[in-house]
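[1] Prediction below, plus the sequence it came from.
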Amino acid sequence: MSPAHYDFVIVGGGSAGCVLAHRLSADPSVRVLVLEAGRRDAWWDVFIHMPAAFAFPIGSRFYDWRYESEPEPRMAGRRIYHARGKVLGGSSSINGMIFQRGNPHDYERWAREPGMAKWSYAHCLPYFKRMESCRAGADEWRGADGPLVLERGDARGPLFDAFFEAAQQAGYALTPDVNGYRQEGFARFDRNVFGGMRWSAARAYLHPVRGRKNLEILCGAHATKLRFEGTRATGVEVSVGGGAASTFTAGEVICAGGAFNSPQLLQLSGVGPADLLAANGIPLVVDLPGVGQNLQDHLEVYIQHACQKRVSMTPALNWWKRPWIGAQWILGRGPGMTNHFEGGGFVRSDTQLDEPDVMFHFLPLAVRYDGTRPIAGHGYQVHVGPMLASSTGSVQIRSADPRVAPKLTFNYLDTQQDRDDWVAAVRLAREIMAQPAFAELDDGERSPGPDVESDTEILDWVAKDAETALHPSCTCRMGTGQDSVTDPDSLRVHGTTGLRVIDASVMPSITNANIYAPSMMIAEKAADRVLGLDALPPDPSPFYRAPIGRLASSV
């Protein structure tokens, strides 16, 4: 492809970029180019498309950018590994396929900030519904005919049955749908899986429209710098396949590289904190101190138990069964069809809160995210982590060389509130796992183990064992304050023209769940603004408000 002029150049073919490409190219009068630095999501690639194979791409240089944080002071000095998708569809092509919108209070909190009134739950709900095709059934809160097909996890069998019963025995509620009227409670989870196939953003949004004559998709295309005339963005310098840079000119450039790459590209191009840019020899275009600040994420730990009965999915992990599992999957059945994260829940660690602050995922096997098994025989585990972390960090370039990964500092566990929340979350998880429902299954806690009991011991274990839940966000936050980067109405970068950021980095604060669904909702909502279309009218559907001072009852 020779350099050419486009109406819109989208930098990043991940979750948000795929949505934008689909919606913007629906106007046949505009030309749209998507630049994706990773590989194509080939139809034959079983590691991408088989739900149960999601552990294989993580850590692979073929699928994963393999980022690491700086040594985290309160995490035993560890560098925390961060997987990011190096393939069309971005992280939606390698993630755990968990689809959760977050809590309505997240968007109400956004809307209370100056200039953010149109990001309330009522304003966001129509776009969540527009993107969904909810196989469990559309209703007042769920969509019926959107591009993204969602299945409800099966979440049945002796271990899942015991988990849901244990949650109720511990005093917590069941809820029909954590993405519907009420998030709080325990339920089978939605997942972006359809017919046993991963339904990534690329599969949902790009593949159906890739034949449009006004849409071009270029993979292996590393955006190295934005081009400016004054403060107006005019195009993107791109290295294709590691070759010499070419320039694609654009009426508008949209950064959709996510919480790491969008601020990195802005900084490399002269938009960011003046002192950081000067230190790296980059000419200043706009002094914007908030670029790369406000980095937020979720941590999680696995509380793992050995199982007395042979009822877990552990046998499916045996290497010699993989060909048979693959053959079954091709025929549309067997353990390859599941993403494992089929059920879990959200609870309040304190009944004085008005929204859940702890998330659980239950798995009917004991395994690390990279696919390794810490328990020799049958086992099960619950993933747990606080959702309202107050610690923030930053993304900063180290060099003017775009091939050098940015410096990632998260400051995990930096606040006393976060440390208190972690102790509460682990104790809640253990309370559930100790209920009578597990009595005939439980063969003892293996991680962290009975020796970890005091607050100090729990925090020491979290520091040494916690992993990222892979939800980086908020580094180009929208708002009107001096620390904001993007305009809430247009998502244009402050101080520039012809330049927007539309991805998870524009969140002002992290949502109370996985960030895949909110990232795509942001892109859906922003696409209308980019095209100059009227926004969908606010949806006044009610949402659950927790009874302060007591736990919720099941519905």
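    The structure has been received and is ready for your questions.
[2] Let me know whether residue 97 touches residue 193 as I believe.
    Yes. The criterion here is C-beta atoms under 8 Å, and residue 97 meets it with residue 193 at 5.5 Å. (Each C-beta comes from the backbone N, C-alpha and C, glycine too.)
[3] Show me whatever sits in contact with both of the two.
    Residues touching both residue 97 and residue 193 (C-beta atoms under 8 Å, 6 or more residues apart in numbering): 51, 199, 339.
[4] Verify the stated contact: the second one with residue 135.
    No. Applying C-beta under 8 Å, one finds residue 199 not in contact with residue 135, separated by 10.4 Å.
[5] residues shared between the contacts of these two?
    In terms of C-beta under 8 Å, 6+ apart, residue 199 and residue 135 are both contacted by the residues 149, 150.
[6] Compare the two (neighbour count), which wins?
    residue 199 (24 against 16; other C-beta atoms under 10 Å).
[7] Make sure residue 294 is indeed in a strand.
    Yes. Under DSSP: H, G, I helix; E, B strand; the rest coil, residue 294 sits within a strand.
[8] the more surrounded of residue 97 and residue 193?
    residue 97 (26 against 23).
[9] Next, find the distance separating that one from residue 4.
    Relative to residue 4, residue 97 is positioned 36 Å away (C-beta to C-beta, to the nearest Å).
[10] Flag the shaky bits of this structure, pLDDT-wise.
    In the predicted model of the chain, residues 1-3, 318-319, 369-375, 554-555 satisfy pLDDT under 70.
[11] Determine the three-state secondary structure at the residue of it positioned farthest from its centre.
    Going by C-alpha atoms, centre = their mean, the residue of the chain most distant from its centre is residue 440, 35.8 Å out. Using three-state DSSP, the structure places residue 440 in coil.
[12] is it true that it touches residue 309?
    Yes. Counting by C-beta under 8 Å, residue 309 is a contact partner of residue 440 at 7.2 Å.
[13] Show me which residues of the lengthiest helix in the chain are buried.
    Counting residues, the longest helix in the chain under DSSP state H turns out to be helix 416-433. Within helix 416-433, the residues that count as buried by 16 or more other C-beta atoms under 10 Å are 418-419, 421-426, 428-430, 432-433.
[14] contacting residues around it?
    Contacts of helix 416-433 (C-beta under 8 Å, 6+ apart): 163, 166-167, 170, 172, 299, 301, 303, 305, 347, 349-350, 357-358, 360, 382, 384-386, 388-391, 412-413, 442, 445, 455, 458-459, 462.
[15] filter these to the buried ones?
    163, 166-167, 170, 172, 299, 301, 303, 305, 347, 349, 357-358, 360, 382, 384-386, 388-389, 391, 412-413, 442, 445, 458-459, 462.
[16] Out of those residues, list just those in helices.
    Those of these lying in helices (DSSP H): 163, 166, 167, 458, 459, 462.
[17] and which of those residues is nearest to residue 237?
    Taking C-beta to C-beta as the measure, residue 237 sits nearest to residue 462 out of these, at 42.5 Å.
[18] which residue sits closest to that closest one, ignoring its sequence neighbours?
    residue 422 (5.3 Å; C-beta to C-beta, 6 or more residues apart in numbering).
[19] got the buried residues for stretch 475-487?
    475, 476, 477, 478, 479, 484, 485, 486, 487.
[20] Hmm, residue 508 and the first one touching each other?
    Which is residue 475. No. Using C-beta under 8 Å, residue 475 makes no contact with residue 508, being 11.1 Å away.
[21] quick revisit: what would the buried residues of stretch 475-487 look like in CSV with secondary structure and distance to residue 38?
    Formatted as CSV, these follow (DSSP: H, G, I helix; E, B strand; the rest coil; distance: C-beta to C-beta, whole Å):
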residue, secondary structure, distance to residue 38
475, coil, 20
476, coil, 21
477, coil, 26
478, strand, 26
479, coil, 30
484, coil, 29
485, coil, 25
486, strand, 24
487, coil, 29
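[22] Just the closest of the residues you listed to residue 112, please.
    Nearest member of the buried residues of stretch 475-487 to residue 112, counting by C-beta to C-beta, is residue 479, at 11.4 Å.
[23] which residues does the closest one contact?
    113, 114, 115, 116, 486, 488, 508.
[24] Quick check: the last one vs residue 501, distance?
    What that stands for is residue 508. Counting by C-beta to C-beta - residue 508 and residue 501 are separated by 13 Å.
[25] Those two: who's more crowded?
    residue 501 (30 against 24).
[26] quick one, what contacts that one?
    254, 255, 256, 262, 266, 476, 485, 486, 491, 493.
[27] what number of residues lie near the second one?
    To tie it back to what came earlier, the one meant is residue 255. Residue 255: 34 neighbours (other C-beta under 10 Å).
[28] is it true that it touches residue 499?
    Yes. With contacts counted by C-beta under 8 Å, residue 255 reaches residue 499, the gap being 7.4 Å.
[29] Format the CA atom coordinates belonging to the longest helix of the chain as PDB.
    What follows is helix 416-433, C-alpha atoms only, in PDB (Å, rounded to 0.1, in the frame of the first residue of the first chain):
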ATOM      1  CA  GLN A 416      -3.900   2.500  53.100                       C
ATOM      2  CA  GLN A 417      -7.400   2.100  51.700                       C
ATOM      3  CA  ASP A 418      -6.100  -0.300  49.000                       C
ATOM      4  CA  ARG A 419      -4.300  -2.400  51.500                       C
ATOM      5  CA  ASP A 420      -7.400  -2.500  53.800                       C
ATOM      6  CA  ASP A 421      -9.500  -3.400  50.800                       C
ATOM      7  CA  TRP A 422      -7.200  -6.300  49.900                       C
ATOM      8  CA  VAL A 423      -7.400  -7.800  53.400                       C
ATOM      9  CA  ALA A 424     -11.200  -7.600  53.300                       C
ATOM     10  CA  ALA A 425     -11.400  -9.200  49.900                       C
ATOM     11  CA  VAL A 426      -9.200 -12.200  50.800                       C
ATOM     12  CA  ARG A 427     -11.200 -12.700  54.000                       C
ATOM     13  CA  LEU A 428     -14.500 -12.600  52.100                       C
ATOM     14  CA  ALA A 429     -13.300 -15.100  49.500                       C
ATOM     15  CA  ARG A 430     -12.100 -17.500  52.200                       C
ATOM     16  CA  GLU A 431     -15.400 -17.100  54.000                       C
ATOM     17  CA  ILE A 432     -17.300 -18.300  50.900                       C
ATOM     18  CA  MET A 433     -14.900 -21.200  50.200                       C
END
